[in-house]
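>>> need a structure here:
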Amino acid sequence: AYLDAARANAAKRKWVTAQPRLGWADGDPMAYIFPEVVLGAGDGVFQPERANRMADCCTVKGTLLDWQRTVTDLVYESDLALFALCSSFVGAIIRSAGTDSFGFNFAGVTSRGKTAALQIAASVWGNGAEPGSDSRAFCRRWTATANALEAIAEEHSDMVLCLDEIGSFRHAEKLGRSVYNLAGGRGAERLNSSGQRRAVREWRTVILSSGEISIRELMSQRGQHQRGGQALRVFDIPFPQDGLFPGRADAAAIVRKLKQAASEYYGTAGRRFVESCIERFSTHTEAREWIRTRRLSLVADLAPDATPEIARAADRFALVHVAGELAIEAGILQCSIERIHAATRSAWALWRAGLPEVDDGKRAIGAIADFIKSHPGQFPPSTDEIKLPYTVAGYLKVEGHKSTYLLTEEGFASAIGDISKTAAIAALEAANFLFNDDPKRKMSKHPVAVLGQDRYRFYAIRGSILAGIDKNTVPDVPNVPDF
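You can find the predicted model right below:
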């Protein structure tokens with residue numbers, strides 16, 4: 001009787017879809033899953049397949065007005081704080097924009113407000129408490145393994161992923177690969193204990209990171225070269241010495257006030273932003289066209305006549321601007337579009353001022369020149385037959401006033417590190433630094449006394465490479481993979 005009654009009751013009830021992850025549901029009609037509610041088309045309930053802490057940290061406290069009065073009113077005074085806040089909203093439009101995940105790393109000395117900027121961004125979606133001070137804090141720290149980072153990124157899909165203190169990353173020797181994977185939006189394929197293939201983790205997010213040094217410097221300390229593709233996925237933004245609120249005598253007090261406010265009022269802005277997007281567009285296809293048109297005009301303004309790499313970077317900054325505009329339209333941010341534009345341009349200028357070389361070919365030329373300068377003992381004269389060092393990277397060939405460095409395969413690989421070999425050779429040829437007497441081969445034959453009477457193949461690098469290059473005179477090499 002009990003089972004019959006239960007069956008009859010179940011037949012009358014509405015089916016509810018179990019949603020295994022937060023963020024946008026599958027399909028073109030907009031439906032967004034929060035731990036406590038589904039906004040937009042369809043219904044459902046958040047039911048993660050794995051252990052997940054987002055139900056505790058992606059929560060709401062206070063009202064939107066509380067958050068605006070205590071957080072945003074102060075943020076409008078700081079370009080970087082406003083930029084970080086607008087970046088937080090980007091997570092919700094990445095899918096509609098049709099772009100990959102990307103991020104920004106605020107790098108600078110301690111106690112300048114970097115963590116506060118991350119807490120402000122985190123308070124859009126959940127508990128803005130300082131990472132480490134509260135187990136429910138939405139902002140996390142880099143103190144995790146590479147595998148754990150994938151799980152964290154998946155949890156923050158279609159939101160912002162705030163990671164504090166990049167210097168504390170446990171696998172610093174794998175930092176470059178981890179940054180690339182985070183921005184790639186897809187985890188590694190793995191097997192479980194029974195040899196079965198695990199489901200691959202996937203995510204769409206904007207990464208906001210902080211640290212005392214840049215990603216490029218941290219990788220360099222670990223003997224890694226930052227590739228151009230990595231530099232264009234998570235952008236190192238030098239944090240000003242005068243912090244978030246330059247020129248303010250009470251800057252430290254303002255930062256403390258912001259950090260406190262972010263931990264007291266949070267979560268309402270993200271939900272209102274999603275609601276507004278659903279009301280305005282209803283489908284991702286409709287949103288994509290509007291976002292695309294707006295981004296194109298902003299890229300043209302930020303980087304007119306730029307190289308493809310710089311234009312690609314400008315597109316990411318433009319998306320932050322677009323998110324800020326939508327937040328104004330939603331009534332979340334109560335400032336002008338011109339103020340958003342000024343904050344975006346300020347962050348863009350900081351990145352351009354510390355701009356790394358993002359073209360792998362040009363970076364390879366610099367790396368080879370630096371390698372030769374720092375390892376002169378590994379290039380004995382090609383005419384010597386005795387007194388050779390234990391290991392060599394190549395040989396020095398001198399003819400009159402011209403010198404040529406003959407690099408072995410191993411020596412060439414050591415010089416360029418993990419930079420693309422294809423891109424390196426193409427750039428050397430374009431800059432006329434690579435001697436080549438056979439158009440079908442990249443290596444040319446040269447005699448070396450200690451190796452006998454025969455001629456052997458080397459990468460023959462002209463000594464003029466040591467004088468440095470003018471980046472504007474070395475042509476870009478198209479269609480060369482950067483990773």
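>>> start to end distance for stretch 33-47?
Start and end residues of stretch 33-47 are separated by 10 Å (Cα to Cα, to the nearest Å).
>>> Now stretch 157-167: average pLDDT?
Taken as a whole, stretch 157-167 carries a mean pLDDT of 93.
>>> Quick check: buried residues in that stretch?
Within stretch 157-167, the residues that count as buried by 16 or more other Cβ atoms under 10 Å are Ser157, Asp158, Met159, Val160, Leu161, Cys162, Leu163, Asp164, Glu165, Ile166, Gly167. Yep, even glycine has a C-beta here, placed from its N, CA and C like the rest.
>>> Which pair of those residues spans the longest distance?
The two members of these with the most space between them (Cβ to Cβ) are Asp158 and Gly167, at 28.0 Å.
>>> Run through the strands of the stretch 51-200 of the chain in chain order.
Taking DSSP state E, counting those that start in this stretch as the test, the strands found in the stretch 51-200 of the chain are 102-107, 140-141, 159-164.
>>> Give the pairing partners of the first one; include direction for each.
Right, strand 102-107. Its sheet considered, strand 102-107 pairs with strand 205-211 (parallel), strand 234-238 (parallel) by DSSP bridges.
>>> For these, give me a markdown table that also has distance to Phe34 and mean pLDDT.
Compiled in a markdown table, these are given as follows (distance: least, Cβ to Cβ, whole Å; pLDDT from 0 to 100):
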| stretch | distance to Phe34 | mean pLDDT |
| --- | --- | --- |
| strand 205-211 | 16 | 94 |
| strand 234-238 | 27 | 91 |
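>>> Reformat the ones you listed as a markdown table; add mean neighbour count.
Shown next, in a markdown table, are those (neighbours: other Cβ atoms under 10 Å):
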| stretch | mean neighbour count |
| --- | --- |
| strand 205-211 | 26 |
| strand 234-238 | 23 |
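>>> Ok, which of those strands comes nearest Ala430?
Distance to Ala430, taken as Cβ to Cβ, is lowest for strand 234-238 among the strands paired with strand 102-107, at 26.5 Å.
>>> now what about the closest one, what contacts it?
Strand 234-238 has contacts (Cβ atoms under 8 Å, 6 or more residues apart in numbering) with 80, 102-108, 179, 182-183, 207, 209, 214-216, 313, 316, 347, 350-351, 353-354, 356.
>>> which residues pair with the most centrally placed residue in the chain across the strands?
Nearest to the mean C-alpha position of the chain, by Cα atoms, centre = their mean, lies Val234 at 2.0 Å. Assessed by DSSP bridges, Val234 has beta-bridge partners Gly103.
>>> In which helix or strand does Ala347 reside?
Using DSSP states H and E, Ala347 sits in helix 337-353.
>>> thinking in terms of the whole chain, how far from its middle is that helix?
18 Å (Cα atoms, centre = their mean, to the nearest Å).
>>> Could you do stretch 305-321 as well?
Relative to its chain's centre, stretch 305-321 lies at 14 Å (Cα atoms, centre = their mean).
>>> looking at it, Gln47 is touching Ala18, isn't it?
Yes - between Gln47 and Ala18 there is a contact under Cβ atoms under 8 Å: 4.1 Å.
>>> which residues of the stretch 101-250 of the chain fall in helices?
Secondary structure of the stretch 101-250 of the chain (DSSP state H, counting those that start in this stretch): helices located at 114-122, 146-155, 175-184, 215-221, 228-231.
>>> Ser101 and Ile332: what is the separation?
The gap separating Ser101 from Ile332 is 23 Å, by Cβ to Cβ, to the nearest Å.
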